[in-house]
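Peer 1: Only the shape, not the letters, is given here:
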């Protein structure tokens, strides 16, 4: 009897186990709807901010493990074929340049004189970068560490002097930022650095400037809050203990302090983070400070070398674009007059090379360069951009084109303006974002090229800000077409006008005896006026160049 009962129990348990396996099998095979699948993939790929709805608070940047969008797309043969098409275009451009050199000069120029000129005086770039990195790492960190700890040590019982002490260090911080902006510019001007070398210094200057502010802004509030708790803990201990407590050992841990200070993790209670956290942040491909980031378990050196090789290929690509489309057309500016018809034709002819420069620059820096550094540092959040090419309005384009800079502007500019001005002033906060971004874009171009020609500032800060409020219609395909047409015309105009001004600076006399006015006034305008006054039109010669 007992054997039959045990057999029944065994059979019943086996049937239950089999039933669970069947349910598990069908749950795994359950077909998910296409819409839900797209939403899941989108969240895994492009979700950048927390979704917790806290009243009066804006969402914060979150870091999770994910690949860049192109990394996932290149796993498909169709997308890899598009990359092969761009490589084929570069090969054709190189062949055109080689044939032109062979016909005109009788030999093929393999010295890459344009690249060598653009990166000339690279030793100046190296030691300037070392000075900037040393000041951004050691000077900033240890000054911040001294301020955050010394303020408690000497002013724990004097609120008035503590406030003055904080204002003093805030003034010193502003003076440091001013010097950090002025001195690299002075190096660029005095050494008359060529374009690429100047751009390296200026872009690195802005990168370190934004990282410095991100570190100070993120940790200043924590230092003030934890410092206040520390002072309260010290005051309570003074009242409880009869023996005097010297402030030299205020860092000693005690049970009373631990009860008063709430900890979320080890770093939350620190007044100043460790130097290793800050040093990692200086090299990490992000501008938003965190004590810790999600990291991979190993470094894939093949990916590192592959990405750096593609950066070198992008530099060659840029060389051939300028050698084929820019230099032959605009190098004779001022010796040939330009009519309105030829000017419009030049803008339209520059749309193709301008678009190629946009795509090559995006791929080289935002994908290859940042992914290479992320791989070396095992930084696993590779959301450096989103699918900006699918945008149906300029608002989404500006948010998805460069996620790294957008995160910094949102975290340290927009959020502060939002809390300072109030939620009713969102338009003013957005204008502040556009204005700051346009100023720094124009700043890099002005000191990199050596002249002030605020085309990008007008296009980005004025026209771009107005286009920001244009909402997309139900026909997203049509609006995406309009966006790309606007980008093509805008890029063509920028490349054409900046090229004309560059060669006007080479071929035309100064527009004013004052050096400052000559830098501020476009010389291409005065060249055109002189040619119109002399009536020396050579339209046919320019037409033949196109």
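Peer 2: Perfect, I can see it now. Keep in mind that what you see is a predicted model, and the values were worked out from it rather than measured.
Peer 1: now whichever strand or helix holds residue 179: how far from the chain's centre is it?
Peer 2: Assigned by DSSP states H and E, residue 179 belongs to helix 159-190. Taking CA atoms, centre = their mean, to the nearest Å, one finds helix 159-190 lying 24 Å from the centre of the chain it belongs to.
Peer 1: Would you indicate which residues of it are buried?
Peer 2: Judged by neighbour count (16 or more other CB atoms under 10 Å), helix 159-190 contains these buried residues: 162, 165, 166, 169, 173, 176, 180, 184, 185, 187, 188. Placement of C-beta: from N, CA and C, glycine included.
Peer 1: now residue 177: how far from residue 217?
Peer 2: The gap separating residue 177 from residue 217 is 12 Å, by CB to CB, to the nearest Å.
Peer 1: got it, and residue 169?
Peer 2: Here residue 169 is placed at a distance of 14 Å from residue 217 (CB to CB).
Peer 1: Break down this structure into its strands, ranges please.
Peer 2: Taking DSSP state E as the criterion, the chain carries no strands.
Peer 1: Scan it for its longest helix.
Peer 2: Within the chain, and with DSSP state H defining each element, the longest helix by residue count is helix 195-240.
Peer 1: Let me see the mean pLDDT of that helix.
Peer 2: For helix 195-240, the mean pLDDT works out to 83.
Peer 1: That helix relative to helix 159-190, how many degrees between them?
Peer 2: 170 degrees (axes from the mean of the first three to the mean of the last three CA atoms, to 10 degrees).
Peer 1: Against which helices or strands is helix 195-240 packed?
Peer 2: Applying 3 or more CB pairs under 8 Å, 6 or more residues apart in numbering; DSSP states H and E, we find helix 195-240 packed against helix 113-118, helix 122-134, helix 140-155, helix 159-190, helix 255-260, helix 275-283, helix 403-409, helix 426-449.
Peer 1: weakest of the ones you listed by average pLDDT?
Peer 2: Lowest mean pLDDT within the helices and strands packed on helix 195-240: helix 255-260, at a mean of 39.
Peer 1: Confirm for me that residue 465 is in contact with residue 428.
Peer 2: No. The criterion here is CB atoms under 8 Å, and residue 465 misses it with residue 428 at 11.6 Å.
Peer 1: More neighbours: which of those two?
Peer 2: Per other CB atoms under 10 Å, whichever of residue 465 and residue 428 has more neighbours is residue 465, with 19 against 12.
Peer 1: Which residue, other than its chain neighbours, is closest to that one?
Peer 2: Nearest residue to residue 465, sequence neighbours excluded (CB to CB, 6 or more residues apart in numbering): residue 434, at 4.5 Å.
Peer 1: Closest to the mean position in this protein, which residue would that be?
Peer 2: In the chain, the residue lying closest to the centroid (CA atoms, centre = their mean) is residue 405, at 3.6 Å.
Peer 1: which residues touch that one?
Peer 2: 210, 287, 437 (CB atoms under 8 Å, 6 or more residues apart in numbering).
Peer 1: can you tell me how far it sits from residue 285?
Peer 2: Distance, residue 405 to residue 285, by CB to CB: 12 Å.
Peer 1: For the protein, spot the helix or strand the model is least confident about on average.
Peer 2: helix 255-260 (a mean of 39; mean pLDDT, DSSP states H and E).
Peer 1: my guess is residue 402 meets residue 370, correct?
Peer 2: No. The criterion here is CB under 8 Å, and residue 402 misses it with residue 370 at 10.2 Å.
Peer 1: residues shared between the contacts of these two?
Peer 2: In contact with both residue 402 and residue 370: residue 384, using CB under 8 Å, 6+ apart.
Peer 1: quick one: low-confidence ranges for the stretch 301-450 of the chain?
Peer 2: Along the stretch 301-450 of the chain, segments meeting pLDDT under 70 span 333-339.
Peer 1: quick one, helices of it?
Peer 2: With helices called from DSSP state H, counting those that start in this stretch, the stretch 301-450 of the chain shows them at 301-321, 327-330, 340-349, 351-361, 370-376, 394-401, 403-409, 415-421, 426-449.
Peer 1: how about those in a markdown table, adding distance to residue 78?
Peer 2: Formatted as a markdown table, these follow (distance: least, CB to CB, whole Å):
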| stretch | distance to residue 78 |
| --- | --- |
| helix 301-321 | 19 |
| helix 327-330 | 35 |
| helix 340-349 | 30 |
| helix 351-361 | 17 |
| helix 370-376 | 21 |
| helix 394-401 | 21 |
| helix 403-409 | 24 |
| helix 415-421 | 39 |
| helix 426-449 | 34 |
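Peer 1: In CSV: the contacts of residue 405, plus neighbour count and distance to residue 94.
Peer 2: Shown next, in CSV, are the contacts of residue 405 (neighbours: other CB atoms under 10 Å; distance: CB to CB, whole Å):
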residue, neighbour count, distance to residue 94
210, 18, 36
287, 22, 36
437, 21, 35
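Peer 1: ok, these vs residue 325, which is closest?
Peer 2: Distance to residue 325 across these (CB to CB) is lowest for residue 437, with 27.6 Å.
Peer 1: Now stretch 110-121: buried residues?
Peer 2: For stretch 110-121, by 16+ other CB under 10 Å, it's 114, 115, 118, 119, 120.
Peer 1: Which residue comes closest to residue 386 once chain neighbours are left out?
Peer 2: Nearest non-adjacent residue to residue 386, counting by CB to CB, 6+ apart: residue 400, 3.7 Å away.
Peer 1: ok, back up a step: may I see the buried residues of helix 159-190 organised as a markdown table, with distance to residue 470 added?
Peer 2: Shown next, in a markdown table, are the buried residues of helix 159-190 (distance: CB to CB, whole Å):
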| residue | distance to residue 470 |
| --- | --- |
| 162 | 49 |
| 165 | 49 |
| 166 | 44 |
| 169 | 44 |
| 173 | 39 |
| 176 | 40 |
| 180 | 37 |
| 184 | 37 |
| 185 | 36 |
| 187 | 41 |
| 188 | 37 |
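Peer 1: now, the most widely separated pair of the residues you listed?
Peer 2: Largest pairwise distance in the buried residues of helix 159-190, by CB to CB, is 40.3 Å, between 162 and 188.
Peer 1: Now do the contacts for residue 388.
Peer 2: Residues in contact with residue 388 (CB under 8 Å, 6+ apart) are 396, 397, 400, 401.
Peer 1: Can you report how many residues neighbour the last one?
Peer 2: Spelled out, it's residue 401. Neighbours around residue 401, by other CB under 10 Å: 18.
Peer 1: Identify the residues contacting residue 522.
Peer 2: Here residue 522 is in contact with 451, 453, 501, 504, 511 (criterion: CB under 8 Å, 6+ apart).
Peer 1: repeat for residue 200
Peer 2: 125, 129.
Peer 1: Mind doing that once more with 7 Å?
Peer 2: Counting by CB atoms under 7 Å, 6 or more residues apart in numbering, residue 200 touches residue 125.
Peer 1: Return the distance of the residue lying closest to residue 527 once chain neighbours are set aside relative to residue 500.
Peer 2: Leaving aside its sequence neighbours, residue 527 sits nearest to residue 508 (CB to CB, 6+ apart; 4.2 Å). Computed as CB to CB, the residue 508 to residue 500 distance reads 10 Å.
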